[in-house]
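Enquirer: Starting from these lines, generate the structure:
(one chain, ligands or ions: 2)
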Amino acid sequence: DFPSGYTGYHNYAEMTAELNQTVTDHPNLVRLSSLGNSYQGRALPALKISNNPAVDQAKPEVLFTCNQHAREHLTVEMCLHIIKRFTDGYATNSAIKALVDSREIWVVPSVNPDGAEYDIAAGTLRGWRKNRQPNSTSTGTDPNRNWGYQWGCCGGSSGTGSSETYRGPSAFSAPETQRVRDFVNSRVVGGVQQIKAHIDWHTYSELILWPYGYTYNDTATGLNADQANAFGTLGRQMAALNGYTPQQSSDLYITDGSVNDWMWATHKIWSYTFEMYPKSGTGLNGFYPRDTQIATQVARNNTAVDLFLGYADCVPRVIGQTC
Ligand SMILES: NS(=O)(=O)N[C@@H](Cc1ccccc1)C(=O)O
Ligand SMILES: [Zn+2]
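Expert: Ligands and ions are numbered 1, 2, ... in the order given. Have a look, this model is predicted:
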């Protein structure tokens, strides 16, 4: 479990309990399901938030995914905060109500529960990043190098099993990326992808990142100048609200097999990564802000998330285009 100074973070059992409590508290606003199981057999919960959650309504859908990387526990708190804000706030906050009434919001609070549980299993903070799937020489695939667009193309991942950025033996070799992939693929209804926009939450460095990660070029196959402009404009407007630094993800470093590139290239989902607090750190301590920091650092993203949800039906509107 989390050591002292970190008990405010949710372990897998506490996260599950929190999701079940949300269903109890807001049965008419949420529907809890599982995307399937992790490598070690933990359910991957997904919560749908809308004003009629049992019905698939013809409304734009938005996806939030958290905890691809095990040690980035603050992101689980971010997803749980989004859930709390858009359920508890529905009855009293008209802006929240308007967003929940006009969208269907999906939240996956932990994509990598095996890694997250392993990270804290010894009562210490291990600094574990990957999932817990064995490979030919070691353990763990980096889920954020395992997605199937331009997988392993460009030196943005490793083929060595012990590496922190091991891409896996093949694209979507990790059960966890398979399950999220299958869910997103299942949201193609009548030939149209219902999910319009996505944020994948990470720590740390306080950045807002957008595709592509596999190339330094601003435009590339499937990403034209207008689309790159829309990504950057919304990215910069969100960064102005949370104080993060906005940039194309390859400006940070080249990555291949990242979730954002797959979401955009395969489904034209406007997919961002938010790297949360802290801005910098030494060694592993950047990944482990004390639990006293949680409330401030999750609330810091409220207005950026609201702006994102506001544009989610048609992101090109941010540069004056129509959909
Ligand atoms: N959270 S992190 O420290 O691993 N950084 C992320 C940054 C990142 C996220 C998405 C696309 C490109 C790069 C990573 O996957 O390397
Ligand atoms: Zn990460």
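Enquirer: Excluding chain neighbours, give the residue nearest to the closest residue to ligand 2 within the stretch 151-300 of the chain in space.
Expert: Using Cβ to the ion, the closest approach of the stretch 151-300 of the chain to ligand 2 is made by residue 202 at 3.3 Å. C-beta: built from backbone N, CA, C; applies to glycine. Leaving aside its sequence neighbours, residue 202 sits nearest to residue 275 (Cβ to Cβ, 6 or more residues apart in numbering; 4.9 Å).
Enquirer: do residue 263 as well
Expert: Nearest one to residue 263, counting by Cβ to Cβ, 6+ apart, is residue 271 at 3.5 Å.
Enquirer: what secondary structure does that neighbour sit in?
Expert: Three-state call for residue 271 (DSSP: H, G, I helix; E, B strand; the rest coil): strand.
Enquirer: pLDDT at the residue nearest in space to the middle of the chain, what is it?
Expert: Residue closest to the average C-alpha location in the chain (Cα atoms, centre = their mean): residue 200, at 2.2 Å. The confidence metric pLDDT takes the value 99 at residue 200.
Enquirer: State the number of residues packed around residue 252.
Expert: Residue 252 has 15 neighbouring residues, counting by other Cβ atoms under 10 Å.
Enquirer: what separates it from residue 219, distance-wise?
Expert: Separation of residue 252 from residue 219 (Cβ to Cβ, to the nearest Å): 18 Å.
Enquirer: Can you list phi and psi of the residue of the stretch 1-150 of the chain found nearest ligand 2 for me?
Expert: Using Cβ to the ion, residue 69 is the residue of the stretch 1-150 of the chain that sits closest to ligand 2, at 3.4 Å. As for residue 69, its main-chain torsions (degrees, to the nearest 10) stand at phi -100, psi 120.
Enquirer: So which residues of this structure form helices?
Expert: In the chain, the helices defined using DSSP state H lie at 12-25, 74-88, 94-102, 113-120, 175-186, 225-242, 259-267, 294-299, 302-311.
Enquirer: sorry, back to before: who does the residue nearest to the centre of the chain bridge with?
Expert: residue 65, residue 273 (DSSP bridges).
Enquirer: Am I right that it is in contact with residue 261?
Expert: No - contact criterion Cβ atoms under 8 Å: residue 200 and residue 261 do not qualify, at 11.1 Å.
Enquirer: On the pLDDT front, check the residue nearest to residue 236 when sequence neighbours are not counted for me.
Expert: With sequence-adjacent residues excluded and distances taken as Cβ to Cβ, 6+ apart, residue 236 is closest to residue 246, at 4.7 Å. On the pLDDT scale, residue 246 is placed at 99.
Enquirer: Touching, residue 246 and residue 208? I think so.
Expert: Yes - judged on Cβ under 8 Å, residue 246 makes contact with residue 208 at a distance of 4.5 Å.
Enquirer: Compare those two and say which one has the larger neighbour count.
Expert: residue 208 (27 against 21).
Enquirer: picking that back up, quick check: the residue nearest to residue 263 vs residue 261, distance?
Expert: With distances taken as Cβ to Cβ, residue 271 is found 8 Å from residue 261.
Enquirer: got any residues that touch both of the two?
Expert: Common contacts of residue 271 and residue 261 (Cβ atoms under 8 Å, 6 or more residues apart in numbering): residue 211.
Enquirer: which residues touch the residue of the stretch 1-150 of the chain closest to ligand 2?
Expert: 75, 112, 115, 129, 130, 142, 143, 144, 202, 203.
Enquirer: ok, and the most crowded of these?
Expert: Most surrounded of those: other Cβ under 10 Å gives residue 112, at 33 neighbours.
Enquirer: Give me the phi and psi angles of that residue.
Expert: Dihedral angles for residue 112 - degrees, to the nearest 10 - are phi -130, psi 60.
Enquirer: So which residues on this structure come close to ligand 2?
Expert: Within the chain, the residues that sit near ligand 2 (Cβ under 5 Å from the ion) are 69, 72, 202.
Enquirer: could those residues go into a markdown table alongside distance to ligand 1?
Expert: Output for the residues of the chain next to ligand 2, formatted as a markdown table (distance: Cβ to the nearest ligand atom, whole Å):
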| residue | distance to ligand 1 |
| --- | --- |
| 69 | 5 |
| 72 | 6 |
| 202 | 3 |
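Enquirer: can you redo the residues you listed as CSV with distance to residue 320?
Expert: Formatted as CSV, those follow (distance: Cβ to Cβ, whole Å):
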residue, distance to residue 320
69, 36
72, 35
202, 30
